[in-house]
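Visitor: the following comprises the amino acid sequence and a computationally predicted model.
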Amino acid sequence: MFLIQNNKFIHRFKKNVITIGQNPDSDLIVIGVGIAPKHVQLWLGADGQWWIKPTGDEPVYVSQTELTKPASRQIHFSDAFRISNQSFIIRDISEQSEVGGTLDEKNFKLQLGIHQRVLDTIKKTTSGLTEKQVQDRIVREIDAGLKEVKLNPDLEVHLAIKALRKLLQDRAQSYNKAAKAVFYDHSTSPEVQHAALIDQVEVTIQLTSGMALEEKIERIEALTSWALQRQQFSAPTKRLLALGLVKEQLLDIIFGLGPLEDLMSISGINDIMVLPSGKIFVDSGGRIQDSGRRMLTPEVSLSIIQRIVSRAGRRIDQTSPMADARVADGSRLNAIIEPLSVDGPSLTIRRFTTRPFSIKDLSRKGDLTDTVANFLHACIRARKNIVISGGTGSGKTTLLNALAGFIPDSERIITIEDTAEISLDQVHVVSLQSRPPNLEGKNAIPIRKLVRNALRMRPDRLIVGECRGGEALDMLQAMNTGHDGSLTTVHANSPVDAARRIEVMALEAEGIDLPSRAIREQISSAIDVIIQVNRFPNGTRKIVSITEVVDFDDEDGSIIIEEIYQYRWNKKRRGMSHRKLSFTGHVPTFVDELIETGIVTIDSMF
């Protein structure tokens, strides 16, 4: 949250309760006549709104209305408050309003009209033209449509703010717009046209070269609208910004990813979900929220899906209405269209960080202790076969990437996936990806066939992104025939369920007829460790159990599993209980092998 003092000084706070006054322990110290030691308190309520109340004997003025102790009231982003001769404005990145939603709806209708005009013209006049000529014709038609647009003043300001915010973010993130450069002369690109304006606003909101990217983005999100109002830019500049944004959004719809284009450049978004209705939701920080964007039409959604899928060398149509594909930035797309998706096209994009999480990152976030991190490091170096179990979105692939980072550079790694997601820094890595059937329903290359082929490629480590079917049996046989140190993931709710699910998947292997007992024997001898990861209601993802697959019980034919670490409540610390991964008392049977790695000692592990 930011407080702008006297329309000039910017104060940043990363807390939900803020005190202002002359007292040295105030969060914001303000010295002056008529200012109490602790004059006013601001806090973020459970409703997500900021509240204000006087805490001293002097009054506070909110939008010219006097507020005295003990009264309190909500304070909105349009409200200014004053203590003595000092004025303040609140700005927060969570700023949302019904007015903004209404203006976005008007922008949506504006785009829809111009988009339809472009489509109608292109259908009639582009016969026999080259791809470049069609492209130029589309751009000219968009420009002609925008020239005729009469913008409502509120909509113009709204779009100008969004355009300026985007230009600032692109510069802050060094976003490469080379793909769009074809649509502009160098002099007419928004970045060049508004370079001086961007410089000016950067000074106003106090962006500096040494500032962390996270804080830059936070300042841009919260302070751009204030900066635009403060600078009092000319009407032509505002119109140029507004129409420039609409043009770019239309170009994204016709040639790119449409309203997904911006979302794909925001680092805090984990998942992007487009509903058949066209509404777009995002998962940010583990919570699903409406992005405020939507697709123009179902046809636009389908066009964008086909564009992504075809670039990945796959197809989606009425005969093959489901597809998984890798987006250019490494994200994973799943799309399903009619007739399977009854109300229209639906797509989900799972985004991955440009730099994969390491175990150190997970430790720093508090997801696991250094003791557990060292234990897992030792398991990888001791070539233990590990299965990561969890539900959808629980962080299985993230943890798999982090663990694979411990594999020495000297070893040859083969990765096998349906859609390439694993990203490793080691040099000697061969990535294999399954292939769906062609138009005739032939030439499919399933995961199972790739696992068998990988065994002939002299792997030191075999990593299967996820076992979903009969490949589980091939994975077990690989682990049992000298390919130690293999890694894979499965969907399951607990380590016990993971073992049972692997058994069921192995039994489903085509052309194999083995008794359940034989499969369980293979599981008990092949798998050493099962790591369970869970996603909690608040969006956090944590390792909740690390379990050893100990042995096979000959008497009752069951797999013996013992928990080594468990996520549980610990003794009170400073009067509060806390949860963490704690040693259960079971010492793994392979503890000597872990100690031989030199990474852990018997004392450090437990």
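Guide: Looks like it came in fine.
Visitor: and for L241, the neighbour number?
Guide: 25 (other Cβ atoms under 10 Å). Every C-beta, even on glycine, is put in place using the N, C-alpha and C of the backbone.
Visitor: next up, phi/psi of it, please.
Guide: Per-residue torsions, L241: phi -60, psi -50 (degrees, to the nearest 10).
Visitor: you'd agree it is up against V157?
Guide: No: applying Cβ atoms under 8 Å as the test, L241 and V157 come out as separate, 9.5 Å apart.
Visitor: export the helix or strand hosting Q249 as PDB, just CAs?
Guide: In this assignment (DSSP states H and E), Q249 forms part of helix 235-255. This file holds the C-alpha atoms of helix 235-255, laid out as PDB (Å, rounded to 0.1, in the frame of the first residue of the first chain):
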ATOM      1  CA  ALA A 235      -6.200  15.600 -24.400                       C
ATOM      2  CA  PRO A 236      -4.400  14.500 -27.600                       C
ATOM      3  CA  THR A 237      -1.900  12.500 -25.600                       C
ATOM      4  CA  LYS A 238      -4.600  10.800 -23.600                       C
ATOM      5  CA  ARG A 239      -6.500   9.900 -26.800                       C
ATOM      6  CA  LEU A 240      -3.300   8.600 -28.400                       C
ATOM      7  CA  LEU A 241      -2.600   6.400 -25.400                       C
ATOM      8  CA  ALA A 242      -6.200   5.100 -25.200                       C
ATOM      9  CA  LEU A 243      -6.500   4.200 -28.900                       C
ATOM     10  CA  GLY A 244      -3.000   2.800 -29.000                       C
ATOM     11  CA  LEU A 245      -4.000   0.300 -26.300                       C
ATOM     12  CA  VAL A 246      -7.200  -0.700 -28.200                       C
ATOM     13  CA  LYS A 247      -5.100  -1.200 -31.400                       C
ATOM     14  CA  GLU A 248      -2.600  -3.400 -29.500                       C
ATOM     15  CA  GLN A 249      -5.400  -5.400 -27.900                       C
ATOM     16  CA  LEU A 250      -7.000  -6.000 -31.300                       C
ATOM     17  CA  LEU A 251      -3.700  -7.000 -32.900                       C
ATOM     18  CA  ASP A 252      -3.300  -9.500 -30.000                       C
ATOM     19  CA  ILE A 253      -6.700 -10.900 -30.700                       C
ATOM     20  CA  ILE A 254      -6.100 -11.400 -34.400                       C
ATOM     21  CA  PHE A 255      -2.400 -12.400 -34.400                       C
END
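Visitor: so for the helix or strand following that helix, mean pLDDT?
Guide: Counting by DSSP H and E, the element after helix 235-255 in chain order, helix or strand, is helix 260-263. Averaging pLDDT along helix 260-263 gives 84.
Visitor: same deal with stretch 539-553?
Guide: Regarding stretch 539-553, the rounded mean pLDDT is 90.
Visitor: now do stretch 244-251
Guide: 89.
Visitor: alpha carbons only: can I get the helix or strand hosting S87 in PDB?
Guide: Assigned by DSSP H and E, S87 belongs to strand 86-91. Provided in PDB are the C-alpha atoms of strand 86-91 (Å, rounded to 0.1, in the frame of the first residue of the first chain):
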ATOM      1  CA  GLN A  86      -0.800  17.600   5.700                       C
ATOM      2  CA  SER A  87      -2.800  15.900   3.000                       C
ATOM      3  CA  PHE A  88      -2.700  12.200   2.100                       C
ATOM      4  CA  ILE A  89      -4.100   9.900  -0.700                       C
ATOM      5  CA  ILE A  90      -4.200   6.000  -0.500                       C
ATOM      6  CA  ARG A  91      -3.200   3.900  -3.400                       C
END
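Visitor: alright, that wraps it up for me.
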